[in-house]
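Asks: Give me the fold of what follows.
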Amino acid sequence: AMLEKDARIDRERDRYPYCVVWTPLPLITWFLPFIGHTGICNSSGVIYDFAGPYTVNEDHMAFGRPTRYWMLPHQGISPSEWDAAVDDGAKEYRRRMHNLCCDNCHSHVAMTLNLMGYNGFTEWTMFHIGLYMFFKGSFVSTGGMIRTWLPFLIIATIIALACSWRSFS
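Replies: Residues are numbered from 1 along each chain as shown. Below is the predicted model:
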């Protein structure tokens with residue numbers, strides 16, 4: 001069953017039906033690789049992401065193409081119910097100011113899942129989204145993994161070398 005669902009994903013066109021998607025945030029992800037930018041996709045795979053004050057992008061993420069996705073099993077939710085919740089979440093967030101810490105892209109995804117009562121749960125938060133994406137998300141490709149982790153590994157290596165060099169001087 002999972003292979004059939006994955007077959008509908010179109011990485012070339014950035015179509016991830018019934019998925020939460022993630023991409024690195026410049027500078028922030030380089031130092032904290034578990035923090036990034038999220039969006040939620042409708043049943044056709046079109047990405048919606050809360051990109052800034054009063055702005056929800058459709059079909060292009062604010063910080064580049066997704067590097068990770070978390071496929072959400074959607075039994076019991078019809079495509080029209082799913083799409084209505086994605087649309088309602090986008091409409092609501094087009095009326096909101098962006099706040100990096102309290103009302104952000106993760107909050108937008110959480111509200112959308114709450115609107116559809118995803119998995120029988122209506123208390124999704126930005127923390128749930130971050131944790132599930134980190135532990136259940138898949139990389140879209142090897143390039144996506146490199147784009148996510150390479151800057152952090154370079155910085156960590158430089159810091160480790162600088163610390164070891166200082167201990168020898």
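
Asks: show me where this protein has strands.
Replies: 19-24, 36-41, 47-52, 55-58, 68-71, 138-139 (DSSP state E).

Asks: so which of those strands gets nearest Cys163?
Replies: Of all the strands of the chain, it is strand 19-24 that lies closest to Cys163, at 25.0 Å by CB to CB. (Each C-beta comes from the backbone N, C-alpha and C, glycine too.)

Asks: okay, that closest one in CSV with CA atoms only?
Replies: The C-alpha trace of strand 19-24 is given here as CSV (Å, rounded to 0.1, in the frame of the first residue of the first chain):
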residue,chain,number,x,y,z
CYS,A,19,2.0,15.2,2.8
VAL,A,20,3.7,17.7,5.1
VAL,A,21,6.9,19.0,3.4
TRP,A,22,10.0,20.6,4.8
THR,A,23,12.9,22.6,3.6
PRO,A,24,15.9,24.1,5.3
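
Asks: tell me the average confidence for that strand?
Replies: Taken as a whole, strand 19-24 has an average pLDDT of 98.

Asks: partner strands of that strand, parallel or antiparallel?
Replies: strand 36-41 (antiparallel), strand 68-71 (antiparallel) (DSSP bridges).

Asks: Show me which of the ones you listed has the highest average neighbour count.
Replies: Most buried of the strands paired with strand 19-24 by mean neighbour count (mean count of other CB atoms under 10 Å) is strand 36-41; its value is a mean of 27.

Asks: Average pLDDT for that strand, rounded please.
Replies: For strand 36-41, mean pLDDT rounds to 97.

Asks: and the direction of that strand versus that of strand 47-52, what angle?
Replies: If you take axes from the mean of the first three to the mean of the last three CA atoms, to 10 degrees, strand 36-41 sits at 140 degrees to strand 47-52.
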